[in-house]
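*Asks:* Sequence first, predicted coordinates after that:
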Amino acid sequence: MKMNPKYYNTVFSCLAAVIISVPIAFIMVVINLGFAPGFFAAFLKSAAAGVAISAPLANIGIPMAQKITNAFVEKKD
């Protein structure tokens, strides 16, 4: 299933948020709780919160980072 190209940035930002947030949540739960009883529930709660926070931020931050980077880095065409 292909999506309309106008949604590229939104889909990319959301996927980036998930790919970054879930492993971070896993590591943070391991650091704070360890593999103790309730680990999986704590991980799911942490991952859900991380994705809920990072997805909107990524939709704002990634385009902003691209604009700032483009201002400082010369593109080769």
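*Replies:* Looks like it came in fine.

*Asks:* Below-threshold pLDDT in the chain: ranges please.
*Replies:* Where the chain drops to pLDDT under 70, the residues are 77.

*Asks:* any idea which residue sits dead centre in it?
*Replies:* Nearest to the geometric centre of the chain sits Ala17, at 1.3 Å (Cα atoms, centre = their mean).

*Asks:* Name the helix or strand for that one, please.
*Replies:* Secondary structure from DSSP states H and E places Ala17 in helix 8-32.

*Asks:* what does that helix contact?
*Replies:* Contacting residues not belonging to helix 8-32 are listed as 3, 39, 42-43, 46-47, 49-51, 53-55, 57-59, 62-63 [Cβ atoms under 8 Å, 6 or more residues apart in numbering]. C-beta here means a position set from N, CA and C on the backbone, and glycine is covered the same way.

*Asks:* change it to 10 Å
*Replies:* With Cβ atoms under 10 Å, 6 or more residues apart in numbering as the test, helix 8-32 has contacts from 3-5, 7, 35-36, 38-63, 66.

*Asks:* ok, and for that helix, which residues are buried?
*Replies:* Buried residues in helix 8-32, defined by neighbour count with 16 or more other Cβ atoms under 10 Å: 13-14, 16-18, 21-22, 25, 29.
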